[in-house]
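> missing the sequence, but the structure's below:
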């Protein structure tokens, strides 16, 4: 499952505050054409892994900053980001926060479980 968070331009949606992004699980990773967005493409929420380091990948509005469990990076010119994080044995909560210079912010979380010494 891909998680998409989008803050649409005011003209595109009436009655929605720009500070309240909508969280929409989507089957595709289609990038919104307008507005501020955050898409986490990897790992999938609920994943079970056997390695203690994973790469969190996704797309955000180009030039935005993303934080993955407090590790900060910037998106490239196409809005792609990747951050490698360490996992503890058992369930791990991964918090992804994106923001830009205009003050837009989007947050999502997912859980990845590390199982040592066994098959996922």
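Good, I have the coordinates. Everything numeric here is computed off the predicted structure, so don't read it as measured data.
> and residue 101, helix, strand or coil?
Secondary structure, DSSP: H, G, I helix; E, B strand; the rest coil: residue 101 is coil.
> Just give the number of residues close to it.
Other residues within reach of residue 101, judged by other Cβ atoms under 10 Å, total 8. (C-beta placed from N, C-alpha, C; glycine too.)
> who are the neighbours in contact with the nearest residue to it once chain neighbours are set aside?
Closest residue to residue 101 apart from its sequence neighbours, by Cβ to Cβ, 6 or more residues apart in numbering: residue 63 at 7.7 Å. Residues near residue 63 by Cβ atoms under 8 Å, 6 or more residues apart in numbering: 74, 75, 77, 79, 100, 101.
> Which positions within stretch 42-59 qualify as buried?
Going by neighbour count (16 or more other Cβ atoms under 10 Å), the buried part of stretch 42-59 is 43, 47, 49, 54, 56, 57, 58, 59.
> tell me the SS of the last one?
State at residue 59, reduced to three classes by three-state DSSP: strand.
> Just confirm it contacts residue 80, I think it does.
Yes. With contact defined as Cβ atoms under 8 Å, residue 59 and residue 80 form a contacting pair (5.8 Å).
> Check the gap between the residue nearest to residue 101 and residue 98 for me.
11 Å (Cβ to Cβ, to the nearest Å).
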